[in-house]
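[1] just the structure for this:
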Amino acid sequence: MLTVRFDRLGLQAGERLLDLGAGGGRHAFEGLRLGARVVALDRSMADLRPAAAMLLAIIEDVSHPLPARAASGLSVGDALALPFADNTFDRIITSEVLEHIVDDCGAMAEIVRVLRPGGTLAATVPTYLPELANWAISSEYHAPLSVGGHVRIYRRKQLQRRLCEAGLVVTGHHHAHALHSPYWWLRCAVGLDKADDNRWVRKYHDVLVTDMMRHPWWTTVPEKLLQPVLGKSLVVYARKPAGGQ
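    Residues are numbered from 1 along each chain as shown. The predicted structure is shown next:
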């Protein structure tokens, strides 16, 4: 389930892609499949295990050989002090990460530092209104920062302004995953500690799996129509000016 549109990111085979806060590795996986030289970064090796497993699976899949220039690696690091030289990456994705970082402006400055002039960024965060509903329904949803909780809810213009202040030029945005917003409202209403055992939560989850695996019209049509209003994720694209900083 991809949040970022790689055609809008502009990724080309052989380019260097940083998946900052790789999580399960879904964007790193897609970048590798497209022939990029991918680095999946997270805070610890424990956090990187899901991404490592996913990348290893695609490398070992002999039925679908990777493009010749594709390569992948893992890196443990802090978004406020990225372990890379200036202008290292052609493209950077940071998906559902910035809302966890107290000094998000510091993280954006590091992103700009390691992004090459002319390179592009895709940053995704929870959309304001759907996220506000989650916070209102459940205090568990945005757990304390000590356990990786959310510290803010971005409005689109706020995120775009901070990216511009960091030295980027915003080039566009869209929303994604409209069907996921009601799913999380339901989980929050039931109680996050009880949600996995709730029959209605499980039924809704089955609908989401069907949407991801089969793309039937009865999920794809509502998803497309509701994205501008209910899309759980906001995706903002930006470019580092060719002149650099």
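[2] show me where this protein has strands.
    According to DSSP state E, the chain carries its strands in the segments 16-20, 37-42, 71-76, 89-95, 115-126, 169-176, 233-239.
[3] what residue is smack in the middle of the chain?
    The centroid of the chain falls nearest to Ser95 when counting by CA atoms, centre = their mean (1.8 Å).
[4] so who does the residue lying closest to that one once chain neighbours are set aside touch?
    Leaving aside its chain neighbours, Ser95 sits nearest to Thr124 (4.4 Å; criterion: CB to CB, 6 or more residues apart in numbering). Where you see a C-beta, it was placed from the backbone N, CA and C, and this is true even at glycine. Listed by CB atoms under 8 Å, 6 or more residues apart in numbering, the contact partners of Thr124 are Thr3, Val4, Ile93, Thr94, Ser95, Glu96, Ala176, Ser233, Leu234, Val235, Val236.
[5] could you measure from the first one over to Leu17?
    When you say that, I think you mean Thr3. Applying CB to CB, to the nearest Å, the value for Thr3 to Leu17 is 15 Å.
[6] distance of the residue of the chain most remote from its centre relative to Glu140?
    Taking CA atoms, centre = their mean, the residue of the chain most remote from its mean C-alpha position is Arg199, at 28.5 Å. Separation of Arg199 from Glu140 (CB to CB) stands at 20 Å.
[7] in PDB, list the C-alpha atoms belonging to the worst-scoring helix or strand of the chain on mean pLDDT.
    Lowest on mean pLDDT, DSSP states H and E among the helices and strands of the chain sits helix 45-60, with a mean of 90. Taking Å, rounded to 0.1, in the frame of the first residue of the first chain, the C-alpha atoms of helix 45-60 are listed here in PDB:
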ATOM      1  CA  MET A  45      17.900  -2.200  13.900                       C
ATOM      2  CA  ALA A  46      14.700  -3.400  15.600                       C
ATOM      3  CA  ASP A  47      12.700  -0.800  13.800                       C
ATOM      4  CA  LEU A  48      14.400  -1.800  10.500                       C
ATOM      5  CA  ARG A  49      13.700  -5.500  10.700                       C
ATOM      6  CA  PRO A  50      10.400  -5.300   8.800                       C
ATOM      7  CA  ALA A  51      12.000  -3.300   6.000                       C
ATOM      8  CA  ALA A  52      15.000  -5.600   5.900                       C
ATOM      9  CA  ALA A  53      12.700  -8.600   5.500                       C
ATOM     10  CA  MET A  54      10.800  -7.000   2.700                       C
ATOM     11  CA  LEU A  55      13.900  -5.900   0.800                       C
ATOM     12  CA  LEU A  56      15.400  -9.300   1.200                       C
ATOM     13  CA  ALA A  57      12.200 -10.900  -0.100                       C
ATOM     14  CA  ILE A  58      12.400  -8.900  -3.400                       C
ATOM     15  CA  ILE A  59      16.100  -9.500  -3.800                       C
ATOM     16  CA  GLU A  60      15.600 -13.300  -3.400                       C
END
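[8] most neighbours of all the contacts of Thr124, which one?
    Ranked by the number of neighbours (other CB atoms under 10 Å), the contacts of Thr124 place Ile93 first, at 30 neighbours.
[9] does that residue really touch Gly10, like I thought?
    No: when contacts are counted by CB atoms under 8 Å, Ile93 is not listed as touching Gly10 (11.7 Å).
[10] re the thing from before, and the least confident helix or strand of the chain, what does it pack against?
    Applying 3 or more CB pairs under 8 Å, 6 or more residues apart in numbering; DSSP states H and E, we find helix 45-60 packed against helix 26-33, strand 37-42, strand 71-76.
[11] redo those as a markdown table? Include mean neighbour count, mean pLDDT and distance to Ile58.
    Putting the helices and strands packed on helix 45-60 into a markdown table (neighbours: other CB atoms under 10 Å; pLDDT from 0 to 100; distance: least, CB to CB, whole Å) gives the following:
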| stretch | mean neighbour count | mean pLDDT | distance to Ile58 |
| --- | --- | --- | --- |
| helix 26-33 | 23 | 95 | 6 |
| strand 37-42 | 25 | 96 | 10 |
| strand 71-76 | 16 | 94 | 8 |
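[12] alright, that wraps it up for me.
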